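Participant: sequence-free structure coming up:
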């Protein structure tokens, strides 16, 4: 990106844009350089500090990233992205109380999909959940719903009644896994289970971390919480046995995220040291059309990745 812009014409906004571009291209060190230049030119602009924090975060320099986000918030406390990013950095460092507090900034922010509290019920703000009726709105994408669902069993133990709203794709899975909860699909208009009667609280699923994942020990002893379809599980086992002896390993290598997908994707060519380990059958778990990539892996690496 440096060659595209005349160096003499680079103001703070240009450096901010270059910092973000470098970060998305997987060059966080260069992103830091441009963010620092933006800050030097205009220390009153919060975006320079936000870009610096994001670049530092990608280099796992989390303490410095938190400091950069804090500076951005000192300039403008309404910078929601800075607060969300600071939350993720803090949670990674097991700073649970400030991390979960900052993570609430995502609610109704419009920055992250499916993070709106759409109902008129009282919003949970950390009150005790014992013997309450709670509406839990699963949030963000499919994987995020599954991730945050790990706290639903904790809520079921405490609440008198728990209604969970989720995406269609997770509906059968969550109904099997949480039979003591009422699980419904996210629809418009909403399912009557979300609107009838009276709830003590509504909350996004990730907010349960404030109650149930607020110290390192709260993660100890966690058990499997998802229940597979018994017939489909057996059918998969029967198919996989036909592949022969050895370990069966499912793989996924590509993200469809339009903004972050580049950083979350690795070509099958780069998997060669793993794919060529003897005695292992690899099974494709990648969503979307990836037939060409699988064919190239066979032609170039001599590796068969089984389609399920």
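Facilitator: Yes, it's here. Please read all numbers here as calculations on a predicted model, not as lab measurements.
Participant: show me the contacts for the residue nearest to residue 109 when sequence neighbours are not counted.
Facilitator: Excluding its sequence neighbours, the residue lying closest to residue 109 (Cβ to Cβ, 6 or more residues apart in numbering) is residue 80, at 4.7 Å. Backbone N, C-alpha and C define where each C-beta goes, glycine included. Applying Cβ atoms under 8 Å, 6 or more residues apart in numbering to residue 80 gives the contacts 105, 106, 109, 111.
Participant: Doesn't the third one belong to a strand?
Facilitator: If I follow you right, that is residue 109. No: under the criterion used here (DSSP: H, G, I helix; E, B strand; the rest coil), residue 109 is coil, not part of a strand.
Participant: And the strands in the stretch 101-250 of the chain, which stretches?
Facilitator: Taking DSSP state E, counting those that start in this stretch as the test, the strands found in the stretch 101-250 of the chain are 133-137, 161-166, 182-185, 201-204, 247-251.
Participant: returning to that earlier point: quick check on the contacts of residue 80: which are buried?
Facilitator: The neighbour-count test (16 or more other Cβ atoms under 10 Å) marks 105, 106 as buried among the contacts of residue 80.
Participant: Which two of the contacts of residue 80 have the greatest separation?
Facilitator: 105 and 111 (8.7 Å; Cβ to Cβ).
Participant: just for the protein, where's the confidence low?
Facilitator: Along the chain, segments meeting pLDDT under 70 span 1-10, 256-262.
Participant: can you do 90?
Facilitator: Low-confidence segments of the chain (pLDDT under 90): 1-11, 24-26, 141, 143, 219-223, 244-245, 254-266, 287-290, 307-308.
Participant: Helices of that one, start to end?
Facilitator: 12-24, 28-41, 46-58, 62-75, 80-92, 96-103, 142-148, 152-158, 171-177, 209-212, 230-241, 272-275, 291-301 (DSSP state H).
Participant: Deepest in the core, which of those helices is it.
Facilitator: Ranked by mean neighbour count under mean count of other Cβ atoms under 10 Å, the helices of the chain are led by helix 46-58, which reaches a mean of 25.
Participant: Against which helices or strands is that one packed?
Facilitator: helix 12-24, helix 28-41, helix 62-75, helix 80-92 (3 or more Cβ pairs under 8 Å, 6 or more residues apart in numbering; DSSP states H and E).
Participant: Need the residues touching each of residue 105 and residue 111.
Facilitator: Shared contacts of residue 105 and residue 111, defined by Cβ under 8 Å, 6+ apart, comprise 80, 84.
Participant: okay, now the residue nearest to residue 219 when sequence neighbours are not counted: neighbour count?
Facilitator: Spatial nearest neighbour of residue 219, excluding adjacent residues (Cβ to Cβ, 6+ apart): residue 213 at 6.5 Å. Residue 213: 20 surrounding residues under other Cβ atoms under 10 Å.
Participant: which residues does residue 213 contact?
Facilitator: 96, 100, 151, 219.
Participant: list the contacts for the second one?
Facilitator: Yep, that's residue 100 we're talking about. So, once contact is read as Cβ under 8 Å, 6+ apart, residue 100 ends up touching 87, 91, 207, 209, 210, 213, 214.
Participant: Between the residues you listed, which sits nearest residue 166?
Facilitator: So of the contacts of residue 100, ranked by how close each gets to residue 166 (Cβ to Cβ), first place is residue 207, at 15.2 Å.
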